[in-house]
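Peer 1: just to be clear, the model below is a prediction. Sequence and coordinates:
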Amino acid sequence: MNDSEIKIGVELTPNPNSLKFIVNRPLLDYGSIYFPDKKSAEGSLLSSRIFEVESVADVLVGTNFITVTKKDGPKWESLVPFLFERMKSVLESAETILAPELIPKSENQGGDPVEQKIREVLDREIRPAVARDGGDIVFQSYAEGVVTLHLQGACSTCPSSLMTLRLGVESRLKLLIPEIREVLHN
């Protein structure tokens, strides 16, 4: 067997309209890139090819996974073979899968001390947990005790995302950072 052979596994997520495809090689060093529609995927050969499957609603590329959210209607059984084929053909090619300007850099730089703590907790604890479910959570802002976050991938349309945000993320941030009064999502 060839060690460089691309292998793709698939996992269910808490969102019935999203599947997480796990790849046996790194796609990004840090974070994720969210493509909410076909037009936003320009510059990403990987996501552009995935959007060729008409029922795809959005795509999230993570460090070693790709979360695909489908539109209501078609069953996953009819879509997965086409998604596998597109992902595998791009990942096995010598072509650049993501334009360099799309690749995220660590957000853990500068800012107010409370904001810095928020980013550290997000990167160390919360983002890895959310990524296990095929999503990502991105820091947007902090002002006067209120943190605003943005949910992406499987989490953006998941029925339990608000509960995760309130019971999980908000309670953890409040416990570690007493200045936080509330966590909102955008």
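Peer 2: That came through, no problem.
Peer 1: which SSE is immediately downstream of the least confident helix or strand in the chain by mean pLDDT?
Peer 2: In the chain, no helix or strand scores lower on mean pLDDT, DSSP states H and E than helix 161-163, which sits at a mean of 70. Using DSSP states H and E, the helix or strand that follows helix 161-163 in sequence is helix 171-176.
Peer 1: helices of the protein, residue ranges please.
Peer 2: For the chain, the helices defined by DSSP state H cover 45-50, 76-92, 113-121, 127-132, 161-163, 171-176.
Peer 1: buried deepest among the ones you listed, which one?
Peer 2: Compared across the helices of the chain, helix 45-50 shows the largest average neighbour count, a mean of 22 (mean count of other C-beta atoms under 10 Å). To be clear about C-beta, it is placed using only N, CA and C from the backbone, and glycine gets the same treatment.
Peer 1: name the helices or strands packed onto it?
Peer 2: strand 56-61, strand 65-70, helix 76-92 (3 or more C-beta pairs under 8 Å, 6 or more residues apart in numbering; DSSP states H and E).
Peer 1: which one of these lies nearest to residue 112?
Peer 2: Proximity to residue 112 (C-beta to C-beta) singles out strand 56-61 among the helices and strands packed on helix 45-50, at 28.2 Å.
Peer 1: averaged pLDDT, that closest one. What do you get?
Peer 2: Averaged over strand 56-61, pLDDT sits at 95.
Peer 1: strands paired with that strand, and their directions?
Peer 2: strand 33-35 (antiparallel), strand 65-70 (antiparallel) (DSSP bridges).
Peer 1: want to throw the ones you listed into JSON lines with distance to residue 120?
Peer 2: Output for the strands paired with strand 56-61, formatted as JSON lines (distance: least, C-beta to C-beta, whole Å):
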{"stretch": "strand 33-35", "distance to residue 120": "22"}
{"stretch": "strand 65-70", "distance to residue 120": "23"}
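Peer 1: switch those strands over to JSON lines; also include mean pLDDT.
Peer 2: Putting the strands paired with strand 56-61 into JSON lines (pLDDT from 0 to 100) gives the following:
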{"stretch": "strand 33-35", "mean pLDDT": "93"}
{"stretch": "strand 65-70", "mean pLDDT": "96"}
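Peer 1: buried deepest among those strands, which one?
Peer 2: Among the strands paired with strand 56-61, judged by mean count of other C-beta under 10 Å, the one packed with the most neighbours on average is strand 65-70 (a mean of 25).
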